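Visitor: output the structure for:
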Amino acid sequence: GDQNAAGLALCSKYTDAQVNHVAACAAEAVMGRGAASDLLAAGDASSINSAQHRQEMYSAIACTLVEASKMDSTDEDLRVLLTNEHHMKGSQAKAITAVFAAHKAELRQLLARSSASSPVPRLVDTHWRMDLDVAHSKDRVMGKKPRYHFTLETQPSTTQEFGGTTEHPSANAGKELRLVLTEEQLQDMLVRLREACRAVEVAQAQ
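Guide: Next up, the predicted model:
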């Protein structure tokens with residue numbers, strides 16, 4: 001987003017060594033190896049006089065590293081993004097890319113564990129059918145109203161850990177969730193699902 005771009009643009013105000021250290025701190029903090037404030041208070045990053053600039057650069061680089069890992073970007077993908085889209089100096093883009101290359105595998109493992117450890121049950125299958133409610137008056141059919149029956153099959157989420165798998169059951173995990181919707185309710189749900197899909201597309205394009 002704009003805030004991320006602004007944070008990356010600040011890199012041009014500082015030396016390669018300072019940017020490289022902020023990037024290294026961002027990677028370490030994301031992987032849980034220390035608090036960002038403590039990591040940034042030492043080394044070349046500590047020489048950045050503006051605490052606000054230091055924090056904004058850290059946030060932008062951390063977000064960039066996570067997004068690049070999530071998208072399984074290559075080193076070259078990230079370098080091109082930083083130089084072409086964010087107009088970053090080649091040496092600074094190279095420094096951030098080097099940090100990404102050194103930590104990508106571990107970042108992707110962390111993302112996989114975070115995703116798998118969600119307590120929300122996973123949707124594994126969906127079935128539906130339509131029934132017609134027919135209204136009669138004597139010998140005439142007065143109207144037909146469709147009703148849509150949906151069955152959502154779920155499984156409990158799991159976390160893969162060394163030595164085994166941990167399940168995170170919830171009240172509805174591993175059960176069939178049934179919904180009965182009128183045509184109006186179905187149309188409303190479709191609108192909301194399309195809005196969610198558009199939001200995901202916008203987020204991925206940023």
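Visitor: do a quick rundown of the helices in this structure.
Guide: Ranges of helices within the chain are 2-9, 16-30, 36-40, 51-70, 75-80, 90-116, 183-205, based on DSSP state H.
Visitor: output those in CSV; the columns should cover mean pLDDT and mean neighbour count.
Guide: In short, each C-beta sits where N, CA and C put it, glycine included. As requested, the helices of the chain are exported to CSV (pLDDT from 0 to 100; neighbours: other Cβ atoms under 10 Å):
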stretch, mean pLDDT, mean neighbour count
helix 2-9, 86, 15
helix 16-30, 91, 22
helix 36-40, 85, 17
helix 51-70, 91, 19
helix 75-80, 93, 16
helix 90-116, 87, 16
helix 183-205, 80, 11
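Visitor: now tabulate those in CSV and tack on distance to K175.
Guide: Below are these laid out as CSV (distance: least, Cβ to Cβ, whole Å):
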stretch, distance to K175
helix 2-9, 40
helix 16-30, 35
helix 36-40, 41
helix 51-70, 30
helix 75-80, 41
helix 90-116, 20
helix 183-205, 20
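Visitor: for those helices, which one sits closest to W128?
Guide: W128 lies closest to helix 183-205 among those, at 9.6 Å (Cβ to Cβ).
Visitor: just the CA atoms of the closest one, as PDB, please.
Guide: Included here for helix 183-205 are C-alpha records, laid out as PDB according to Å, rounded to 0.1, in the frame of the first residue of the first chain:
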ATOM      1  CA  GLU A 183     -33.300 -16.800  -3.200                       C
ATOM      2  CA  GLU A 184     -32.900 -13.300  -1.700                       C
ATOM      3  CA  GLN A 185     -30.600 -14.600   0.900                       C
ATOM      4  CA  LEU A 186     -28.500 -16.500  -1.600                       C
ATOM      5  CA  GLN A 187     -28.200 -13.400  -3.800                       C
ATOM      6  CA  ASP A 188     -27.000 -11.400  -0.800                       C
ATOM      7  CA  MET A 189     -24.400 -14.100   0.100                       C
ATOM      8  CA  LEU A 190     -23.100 -14.100  -3.500                       C
ATOM      9  CA  VAL A 191     -22.700 -10.300  -3.400                       C
ATOM     10  CA  ARG A 192     -20.700 -10.600  -0.100                       C
ATOM     11  CA  LEU A 193     -18.500 -13.400  -1.500                       C
ATOM     12  CA  ARG A 194     -17.800 -11.300  -4.700                       C
ATOM     13  CA  GLU A 195     -16.800  -8.400  -2.400                       C
ATOM     14  CA  ALA A 196     -14.400 -10.700  -0.500                       C
ATOM     15  CA  CYS A 197     -12.900 -12.000  -3.700                       C
ATOM     16  CA  ARG A 198     -12.300  -8.400  -5.000                       C
ATOM     17  CA  ALA A 199     -10.700  -7.500  -1.700                       C
ATOM     18  CA  VAL A 200      -8.300 -10.400  -2.000                       C
ATOM     19  CA  GLU A 201      -7.400  -9.400  -5.600                       C
ATOM     20  CA  VAL A 202      -6.700  -5.800  -4.600                       C
ATOM     21  CA  ALA A 203      -4.500  -7.000  -1.700                       C
ATOM     22  CA  GLN A 204      -2.500  -9.300  -3.900                       C
ATOM     23  CA  ALA A 205      -2.000  -6.600  -6.500                       C
END
